[in-house]
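Undergrad: Got a sequence here, can you build the structure:
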Amino acid sequence: MCKATRGEKPYYTESSTPQPLWITDNSVILESPVHPVPEGDPLTLHCSYRHTNSSDLTAEVYKDGSLLQTQTTGEMTIRTVSKSDEGLYHCKHPERGESPQSWISVTGEASVILYVY
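TA: A predicted model of the protein is given here:
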């Protein structure tokens with residue numbers, strides 16, 4: 001289950017099932033993970049246009065209101081996610097508009113347990 005109220009960060013419970021959910025009138029959609037991304041893992045964000053099957057959408061990708069990069073494929077990948085990548089992301093097309101903002105949460109590094117016998 002994922003819970004939040006408008007303007008707050010979502011929080012997740014163990015019963016969360018990753019399902020994309022779009023409730024928007026916007027034509028531009030940012031596809032992002034539902035669950036927090038573990039630190040060190042890759043993260044791929046997809047910008048798409050609601051009225052076509054193609055995800056090839058030239059779009060600017062923003063984090064916390066600042067432009068990160070412009071993508072001609074509609075896809076942006078962070079190869080190794082760190083805690084500093086946590087924030088509000090959205091994409092923007094000059095003619096088709098902006099996607100709603102999506103909160104990307106980053107969890108601490110996965111721990112490795114070494115058993116010595």
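Undergrad: On the C-terminal side of the strand or helix carrying Glu60, identify the next helix or strand.
TA: Using DSSP states H and E, Glu60 maps to strand 59-63. Going down the chain from strand 59-63, the next helix or strand is strand 66-71, by DSSP H and E.
Undergrad: can you pull the contacts of the closest residue to Ser102 other than its chain neighbours?
TA: Nearest residue to Ser102, sequence neighbours excluded (Cβ to Cβ, 6 or more residues apart in numbering): Ser32, at 4.4 Å. Using the backbone N, CA and C atoms, a C-beta is placed for each residue, glycine as well. Each residue near Ser32 by Cβ atoms under 8 Å, 6 or more residues apart in numbering is listed here: Leu45, Tyr89, Ser102, Ile104.
Undergrad: Quick check: of the residues you listed, which lies closest to Glu75?
TA: Glu75 has its nearest neighbour among the contacts of Ser32 in Leu45, at 7.1 Å by Cβ to Cβ.
Undergrad: quick revisit: for the residue nearest to Ser102, give its distance to Glu95.
TA: 22 Å (Cβ to Cβ, to the nearest Å).
Undergrad: Equivalent analysis for Lys83, please.
TA: 35 Å.
Undergrad: between those two, which one's more packed in?
TA: Lys83 (11 against 7; other Cβ atoms under 10 Å).
Undergrad: Tell me, how many residues neighbour the nearest residue to that one once chain neighbours are set aside?
TA: Closest residue in space to Lys83, ignoring its immediate chain neighbours: Val106 at 5.2 Å, by Cβ to Cβ, 6+ apart. Around Val106 there are 20 other residues, counting by other Cβ under 10 Å.
Undergrad: who touches Val106 in this structure?
TA: Val106 is in contact with Pro36, Val37, Pro38, Glu39, Val81, Ser82, Lys83, Asp85, Glu86, counting by Cβ under 8 Å, 6+ apart.
Undergrad: For it, grab phi and psi.
TA: The phi and psi values for Val106, taken as degrees, to the nearest 10, are phi -120, psi 130.
Undergrad: pLDDT wise, what is it at?
TA: Here the pLDDT value assigned to Val106 is 94.
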